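heads up, no residue letters with this:
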């Protein structure tokens, strides 16, 4: 069984790598393409980045306790594994109003927000005590109860998912 320290270290590395790939995609894309929304509707790559930064900042606030949303798990309950959470995850999850991007976001501001939220989330992951990671959870309308120890893996998956979305959006413009 992986120790809390090992899992935290592995998750922090995976998160850093996913964020770096996502930020590199946003930096490398042509300015006009980063801000253009897809013809069929949806978010621009910049808006996707804004959303990821907002979600990661929210994750950091919950993990650190700055936002008191985490509740103790009932005695004896350990929560589901990340694999069990993923297996039950719907293919599309509607973003909550607080993490829906405004229409006019700029790449430089998004990159700065991504960097700041990454620092905050990494610090929160590094400081998350094992007892809080295993004994406290949040409830998400689509995912159900998620132990705080799973939030880092959620952040990694969320970043990867939205990097793929940004790649599709930017690829749409490259094809035209």
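Ah, there it is. All values reported here derive from a predicted model rather than from experimental measurement. Numbers count the residues shown, from 1 in each chain.

Find the nearest non-adjacent residue to residue 61, please.
Once flanking residues are discounted, residue 61 sits nearest to residue 67: 4.0 Å by CB to CB, 6 or more residues apart in numbering. (Each C-beta comes from the backbone N, C-alpha and C, glycine too.)

which residues sit against the lowest-mean-pLDDT helix or strand in the chain?
Sorting the helices and strands of the chain by mean pLDDT, DSSP states H and E puts helix 82-87 at the bottom, at a mean of 86. The contact list for helix 82-87 (CB atoms under 8 Å, 6 or more residues apart in numbering) reads 143-144, 146, 150, 153-154, 157.

Moving along the chain from it, name the first helix or strand you hit.
helix 107-127 (DSSP states H and E).

Give me the residues contacting the following helix or strand past that next one.
Using DSSP H and E, the helix or strand that directly follows helix 107-127 along the chain is helix 130-135. Contacts of helix 130-135 with the rest of the structure, by CB under 8 Å, 6+ apart, involve 4, 8, 65, 70, 72-73, 78-79, 147-149.

for the next helix or strand after helix 130-135, packing partners?
Using DSSP H and E, the helix or strand that directly follows helix 130-135 along the chain is strand 136-140. Secondary-structure packing of strand 136-140 (3 or more CB pairs under 8 Å, 6 or more residues apart in numbering; DSSP states H and E): strand 71-72, strand 144-147.

got these as a markdown table, with mean pLDDT, distance to residue 110 and mean neighbour count columns?
Below are those laid out as a markdown table (pLDDT from 0 to 100; distance: least, CB to CB, whole Å; neighbours: other CB atoms under 10 Å):
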| stretch | mean pLDDT | distance to residue 110 | mean neighbour count |
| --- | --- | --- | --- |
| strand 71-72 | 95 | 32 | 11 |
| strand 144-147 | 91 | 26 | 18 |
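
Next, format the ones you listed as JSON lines and append distance to residue 28.
Below are these laid out as JSON lines (distance: least, CB to CB, whole Å):
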{"stretch": "strand 71-72", "distance to residue 28": "41"}
{"stretch": "strand 144-147", "distance to residue 28": "33"}
